[in-house]
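Q: how would this look folded up:
(one chain, ligands or ions: 1)
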Amino acid sequence: MNAKQAAAFKAVEYIKKGMVIGLGTGSTAYWAIQYQAERVKQGLQVTTVATSAETEKIALQCNIPVVSLDSVEYIDIDIDGADEIDADMNLVKGGGGALLREKIVASASRAFIVIAGDSKRVEVLGKFPLPVEIIPFGWQHTARQLAALGCSTSLREKDAKIFITDNGNYIIDCHFGAIAEPAVLEQQINNIPGVVDNGLFVKMATRVILGCDDGTVKVFS
Ligand code: 5RP
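A: Modelled structure (predicted):
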């Protein structure tokens, strides 16, 4: 078992019969879906809500029942990956472009378990470019206002085309280098007209599970 698999496996142990589970997006969350699928095959009854179209597709292929977020009152446990995690369990997310739905699902959850290889742990957030979801209208103006906060910006592309999120929006990756005050920056960014949300998840995680290459895990809460 590698680091990502170890973290994912541990997180799935928290799932109990009848729970509503948030399914994250990315290569670590992928493993949580696979381990959950094994338990579903053995008879575990769960309902899930996906954080992206890609995740929904994977879950359905594994015969995991997926429902819309609005068809549940709340989510018991959301299990998702992260691009950076600091000592206060603040996160940068959105490397896979799913940050908006990931944040909505996490905020609808009673528990938000973050899973990652231990290389994602950082002293200061910001080396990983911060993804910001913006609406396409006037995007260059929005990008300039983001740059004025002290970063260089790049419009995300995929296969030489502009990357479009599941919500029909663009992603601007903001290269800050270091983010001294994540809570302040999260709000400053979201105050810019045209911004839908950004990949700073401040004080949202209730538990962080870091996997190591030897298959062991470290759990923080
Ligand atoms: C997707 C995300 C992912 O959780 C994040 O990018 C980590 O991905 P991975 O587990 O593949 O390293 O936020 O939008």
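Q: Quick check: chain neighbours aside, which residue is closest to Ile75?
A: Ser109 (4.1 Å; C-beta to C-beta, 6 or more residues apart in numbering). For every residue, glycine as well, the C-beta is placed using N, CA and C.
Q: What is the burial count for the one you found?
A: Look at Ser109: counted by other C-beta atoms under 10 Å, it has 22 neighbours.
Q: isn't it right next to Val72, touching?
A: No - using C-beta atoms under 8 Å, Ser109 is not in contact with Val72, being 10.3 Å away.
Q: Mean confidence (pLDDT) on stretch 172-181, please.
A: Taken as a whole, stretch 172-181 has a mean pLDDT of 98.
Q: got the residue ranges for the helices in this structure?
A: 3-12, 27-41, 53-61, 99-107, 139-147, 182-190 (DSSP state H).
Q: Make JSON lines out of these and add mean neighbour count.
A: Output for those, formatted as JSON lines (neighbours: other C-beta atoms under 10 Å):
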{"stretch": "helix 3-12", "mean neighbour count": "24"}
{"stretch": "helix 27-41", "mean neighbour count": "20"}
{"stretch": "helix 53-61", "mean neighbour count": "17"}
{"stretch": "helix 99-107", "mean neighbour count": "23"}
{"stretch": "helix 139-147", "mean neighbour count": "16"}
{"stretch": "helix 182-190", "mean neighbour count": "17"}
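Q: With distance to Arg207 as extra columns, can I get those helices in TSV?
A: What follows is these, written out as TSV (distance: least, C-beta to C-beta, whole Å):
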stretch	distance to Arg207
helix 3-12	8
helix 27-41	13
helix 53-61	20
helix 99-107	12
helix 139-147	31
helix 182-190	18
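Q: right, and those helices - which one's nearest the ligand?
A: The ligand sits nearest to helix 27-41 of all those, at 3.2 Å, using C-beta to the nearest ligand atom.
Q: Surely Ala180 and Glu123 touch.
A: No - contact criterion C-beta under 8 Å: Ala180 and Glu123 do not qualify, at 11.5 Å.
Q: so where's the chain shaky on pLDDT?
A: The chain contains no residues with pLDDT under 70.
Q: tell me which strands and helices the strand ranked longest in it is in contact with?
A: Ordering each strand of the chain by length in residues (DSSP state E) puts strand 109-117 first. Applying 3 or more C-beta pairs under 8 Å, 6 or more residues apart in numbering; DSSP states H and E, we find strand 109-117 packed against helix 3-12, helix 27-41, strand 75-80, strand 207-211.
Q: So in that sheet, which strands flank the shortest one, and in what orientation?
A: Right, strand 207-211. Sheet pairing for strand 207-211, assigned by DSSP bridges, gives strand 109-117 (parallel), strand 217-220 (antiparallel).
Q: Need the winner for burial among those strands.
A: Highest mean neighbour count among these (mean count of other C-beta atoms under 10 Å): strand 109-117, with a mean of 23.
Q: Fine, thanks again, bye for now.
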